[in-house]
Every structure is written in structure tokens, then in C-alpha cells.
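Colleague: next one to model:
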Amino acid sequence: MDITTDDKQLRRRRPSTSYAGLSPTCRPLPYSLEALDLSPNSPTQAMASLRFLVLSYLAELETRLSQLESPDFEAWKVKGEVAMEDANQWVSSTLELLDSIRADVSFHLPDIHALSVDSLTSHFPDVPSIRSHLPGMSDMHVHLPDFSLSDMRAKLEDIRARFHDIDFDRPINYLPTLLEHLHDLTLRLSSKELPSGFDIGLAALSSRLTDFLDSILSSDLVPSVPHMKDGEDLMGRAAMEVVEVARAIKHSFDGVHLIQYSDLPRKWRNNPFVTRGYRFIPIERWPLLVLSLFAFHNETLNIHTHLIPFLLWLISSIPFFSTEIIDTPERCFMAFALLCLFCSSVWHVMAGCAHHGSMEFCARVDYVGIGWLISASVGTVVWYGFQCHPELGQFFLSLCAVTGLAGNVFPFMDWFNRYENRGWRIAFFLSLAFSSLAPLAALAVLHSPRQMMVFISPVVPSLVSYVAGLVFYATHVPERFLTEKWRQRLDAVGGGSHCIWHCFIVLAVSQHKSAIRVMKDGVLCTL
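Modeller: This next block holds a predicted model:
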């Protein structure tokens, strides 16, 4: 077997042209890797084996994707010329990604000549060239086997996660890049709703690829290994971030076009269920960020569900436009509510900024606004509930101020804004809300549980709205359950769980504002 020739063929993209008399299906990949010596005791051979298998997998996947570019594919004909053009662009960009992964794997992982060729050929008796994988276009429909991309996507994500466990030294600096390549490939395959004819036509290859990936995962290739040194890891991540940002700016044509989730640098990714409609605008082109207020993208509704109520309530609070008498607690509450809505609007505008420092700062300021809204809500309950006990009321108001200040400090800690700490963020804001239990317990002791419940009852509707919105925010419902077709429609305007959460916040603010006017009489003082 001529290893050099085969390797060159694996690197080279083959167009979808017809060849008479070729095999209609791809040769199956091996079902066992035991004889390839994937033991961690021989890392060079393990990496050479991995190199060959990954390149073989990329070749087969490339062949299938290349067939999608055919103008004769009936599934595209049914959907029309626009769908065909969109599909061709998606296939072309995916094939470019495959080329990039193949080039990196070929460069960084040791070549297959490091293995015993005799041992390899005994378990790969007939690995055809990429050319032999390509059926003639005239009978493509007959030769295209069954395959579903869903299993392959899951397996890609699984093997990508398990790569942290490989034990070797020389290629270790390349592993983070390989992990990102595999992750991007998984996202790319998930970003397109393929025609039903194609999904049905690829299941056989999916089965073989599943066996292929299962063999890697079950081999001795994946014991545990230590992480890279902190300094190397930091430099590697910094370099990777620069490359990712440059690539995303290129895909967005310097902020003019919307990009997909898979195009975003890792630090910009915060909802994997929103796959399209992302802005990525360089900070130097900030007028485009302002103009995006009036454009459609996946943050449009997130911006305006808070910006419009902010403007309406701000105008109504100006004495010239309203003769209504507003007392101090209600005015303070609305001031903090407006602060929250404004910070939220600014953050969702800046979410499309390609400058990470500016984008993340606005995200943290958004959390500050949420913290003060919660503290102000509790403060109105304390103000009216302790009119008969002003000293105790002052103590609990001071406690509200402390929780508000905590909402200023914690968001600017490095760990707070990380996506993996999302649950801790939710727990932090819930703890701010639960700080209201202390003054409520004091009211129950000073008066009676029944009087306390009567006093607090006007606030219950707003609490229900906050909790309902939080459930949507925390669970990514409905986008996590939608098909790609419906996700694409929601992503066009940003009509997902975050938008629903915003609507519940606005409703809760309005309900609490009404509750304040009912709570003004406080709790009946006892002599």
C-alpha cells in the first residue's frame, strides 16, 4: 500500500464528477482499533492511528457533502433556486472547514509511516482512494446510502469532549485547536436543515461512522491526562481568541452581514440553541451598532422589549407629561426599574460588538441593573410594612442597600459572567430576592402571619411573573425544543426564551408598581 499517495489523496478535495463503474458505497471503516496499538504506552503510534482515521472520516464526509452540490439533486429542485443557492453556500463553507481540519491534522499529528504498515494493512485490507468513493451523478439517487446526521453530531461532540483524556506529549499544544475544530464541525452540521431525501439517504454511513467513533472511544487511546501548563494554556487561548475574532469579522464582512453561532468566537457564545442571526461588528464601526437598533437580527426583540417600556415610563415620569402625585418609594422603585431596562437594552445592543472588553462590560452592567431592581422591590415592601416600627424598618432598608451593593460587586468578578456559571448567577439573584424573607418574618412576628399575608398579597402577581420569566430564561424554552426551521424563524428577530423573560420582567414591574399603591396603608399598627 502506497501510504504517501493515499495521504495526498486524503488531503485533496475531489469534485462531484461521475466515474463509470465505481463502487456505489464507501468502504466501511474498521470496527475495532485494538490491533492499531492505541495504548498510551505508544503515543506516537496512537497519534498516527488517530491521524489516519480522522482523515479517512473527513474524506467520507466530504464525499457525501460534495454530492449535495449537484444541481441534479431532486431535493433542491423541489425547494427552488433560492434553496439551492443557500445549500450550495452552506456546503461550500462546510467543505472549506473540512479542508482546514484536514490540513491541520496532517501537519500536527505524526504521519502514518510511524506505524507498522504490515500491521495496518492487515486490518485495513482495502482502503480505496477518495475517487473510488464518488458515484456517477447520473445514478446518484440509487447509490446514495441511508444516513442521519443527528447520531454523527452527537458522536462528534462526545469524542470532542473525550479528547481531554488522550495521553501524549508532542502534539499536546495542538489539542485545544483540534477540539475547537471538531466543535465547529458539529455546529456546522447542526446549522442546516437538510432536505428529507438527503437525511433518509445517509443512514448506512451514519451507522459505520458511529461504529468508527465508538471504537475510538472504547480504545485505550483515551485514558486521563493532565492539562497543559498554565502559561502555555494562557498563550494558546489568547492566540486562538485572536484567530477566532479575525475569522468571525471576516465572515461578517466587517460587521455588515449576520453570522451563525458556529462562526462566533468561544467567548461570545452564550446560547447554543440560537444558531443564526448574530451580529459581529468591530468597535471601530460603532455606528453600525447604533443602526442595528433598527435592523432585524437575533437581538431585535430582546432590545425593544425593554427599550420601548423604558422610553414610555421615562416620559410618563416627567412632571410636564403627568400631573400624578408619586411618593418617594414608588419614585425610587421606578428609577431603579428604568435603570434595569436601560442597562438591559444597552447590553443587547452591545452583544453584537466584536470587542470583547466592551461587550462583557455591558453584560456586567446589565447584571447590576437586575440587582438594584430586586433590592428596590424588597425596599418598597420594607418601607410600607414597617411604618409602625421605623427603627426596624431602617435596619431592613440598610440590608436592601447591602444586597444592592453586592449586585454591584459580584457581576465584576471574573467567574460571574462565564456561561458555565450561569446556574450560580441565577442562584445569586434568587438569594437577593430571598432576602425579603427576613423582613416578612419580622412582620409576621410583630403583627401576625395573617396580617403579613394580607399586606404582601398585592405583590404576589409580580413574584409569579418574575418566577415564570426565570423558568423560560433558565431552561432555554422554547428554542431548545424547536425544529431547525422554526429556530431559524425565531432567530431572525430574537423571539426566544430571553425575549419571553424580558416580557415577564416588564409585566412584573408594572404589577409591582400597581401593588405599591395598594401597600401604602401598610400594616395596621397595634397599640
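Colleague: CA only for contacts and neighbour counts going forward, please
Modeller: Fine.
Colleague: Gly522 is in contact with Tyr384, correct?
Modeller: Yes - Tyr384 lies in contact with Gly522 (Cα atoms under 8 Å); the separation is 4.9 Å.
Colleague: which other helices and strands does the lengthiest helix in the chain contact?
Modeller: Taking DSSP state H as the assignment, the helix of the chain that covers the most residues is helix 356-385. Packing contacts for helix 356-385, counted by 3 or more Cα pairs under 8 Å, 6 or more residues apart in numbering; DSSP states H and E, involve helix 328-350, helix 390-409, helix 422-434, helix 497-519.
Colleague: which other helices and strands contact the third one?
Modeller: The reference is to helix 422-434. Contacting helix 422-434 under the criterion 3+ Cα pairs under 8 Å, 6+ apart are the following elements: helix 356-385.
Colleague: quick one: average confidence on the helix it packs on?
Modeller: Mean pLDDT, taken over the full extent of helix 356-385, equals 95.
Colleague: separation between the residue nearest to Leu397 when sequence neighbours are not counted and Ala433?
Modeller: Sequence neighbours aside, Gly379 is the residue nearest to Leu397 in space, at 5.9 Å (criterion: Cα to Cα, 6 or more residues apart in numbering). Noted for Gly379: a distance of 11 Å to Ala433, by Cα to Cα, to the nearest Å.
Colleague: between the two, tell me which one has more neighbours.
Modeller: Neighbours per residue (other Cα atoms under 10 Å) separate Gly379 from Ala433, with Gly379 holding more: 24 against 19.
Colleague: thought the more buried one was touching Ser398?
Modeller: No - taking Cα under 8 Å as the definition, Gly379 is not a contact partner of Ser398, at 9.1 Å.
Colleague: can you pull the pLDDT of Glu96?
Modeller: In this prediction, Glu96 carries a pLDDT score of 82.
Colleague: tell me the secondary structure for it?
Modeller: helix (DSSP: H, G, I helix; E, B strand; the rest coil).
Colleague: that one - how many residues pack around it?
Modeller: Glu96 sits with 14 neighbouring residues when counted by other Cα under 10 Å.
Colleague: just use 47 as the starting number from now, easier for me
Modeller: That works, and once the first residue is 47, the last one we named lands at Glu142.
Colleague: any idea how far it lies from Cys434?
Modeller: From Glu142 to Cys434 the distance is 72 Å (Cα to Cα).
Colleague: what do you get for Arg377?
Modeller: Between Arg377 and Cys434 the computed distance is 22 Å (Cα to Cα).
Colleague: for Thr521, same thing?
Modeller: Plainly put, Thr521 is 42 Å away from Cys434 if you go by Cα to Cα.
Colleague: same check, this time on Trp332
Modeller: Per Cα to Cα, Trp332 is found 53 Å from Cys434.
Colleague: swap in Gly425?
Modeller: The span separating Gly425 from Cys434 equals 16 Å under the rule Cα to Cα.
Colleague: can you give the domain ranges for this structure?
Modeller: Domain assignment for the chain, taken from automatic domain parsing, gives 49-58+86-274, 329-565.
Colleague: among those, which gets the worst mean confidence?
Modeller: Across those, the lowest-scoring stretch is domain 49-58+86-274, with a mean of 57.
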